[in-house]
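J.: Build me a model:
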Amino acid sequence: MAIEGLAIIGESINDSVPSTNKLFAAYDLDAIKALAKMQDDAGARWIDVNVGLRTPDFMANMVREVQSVTAKPLSIDTPDAQIAAAGLDAYDAGRADGKLPLLNSIALTRTNLFDLCRVQPFMPILLASER
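T.: Numbering: from 1, shown residues only. Okay, the predicted model is just below:
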């Protein structure tokens, strides 16, 4: 899809997607990496990684695994500061041609997530819908 100014984020690696939730539960790394590659090949500018309420270590492992198959920058997608910190710490900008990750989603009620820029600089996605 070519719409000027539009940036596509691949959202398939998301715990809220039932099929991905099953992949996470089974720790099916090959299938998760295939999802990342598929979104990369389809033209996503960023690849989202949302592990739901799983552990910070799980997020860190998913970030490393996804980055092993794509040079696209990632969108670390969680409202939980510890999970976000683990994902940002695991993120390797060198694997993404030096591009910063996104931190998705920062709400007015969670501005403390901006402090995580000390772990890894990032570009924020802000939610205007929460108060």
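J.: where exactly do the helices run in this structure?
T.: For the chain, helices defined by DSSP state H occupy the ranges 18-26, 29-41, 56-67, 81-90.
J.: Ok, which of those comes nearest Phe122?
T.: Put simply, out of the helices of the chain the one that sits nearest Phe122 is helix 81-90, at 6.4 Å, with distance taken as C-beta to C-beta. Glycine gets a C-beta too; all of them are placed from N, C-alpha and C.
J.: quick revisit: will you turn the helices of the chain into CSV that also has mean pLDDT?
T.: Putting those into CSV (pLDDT from 0 to 100) gives the following:
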stretch, mean pLDDT
helix 18-26, 98
helix 29-41, 98
helix 56-67, 99
helix 81-90, 97
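J.: Would you convert those into JSON lines that also reports distance to Val119 and mean neighbour count?
T.: Formatted as JSON lines, the entries for these read as follows, by distance: least, C-beta to C-beta, whole Å; neighbours: other C-beta atoms under 10 Å:
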{"stretch": "helix 18-26", "distance to Val119": "23", "mean neighbour count": "14"}
{"stretch": "helix 29-41", "distance to Val119": "22", "mean neighbour count": "17"}
{"stretch": "helix 56-67", "distance to Val119": "11", "mean neighbour count": "20"}
{"stretch": "helix 81-90", "distance to Val119": "5", "mean neighbour count": "21"}
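J.: Dump the ones you listed into CSV; add distance to Leu126 as well.
T.: Written out in CSV, the entries for these read as follows (distance: least, C-beta to C-beta, whole Å):
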stretch, distance to Leu126
helix 18-26, 25
helix 29-41, 23
helix 56-67, 20
helix 81-90, 14
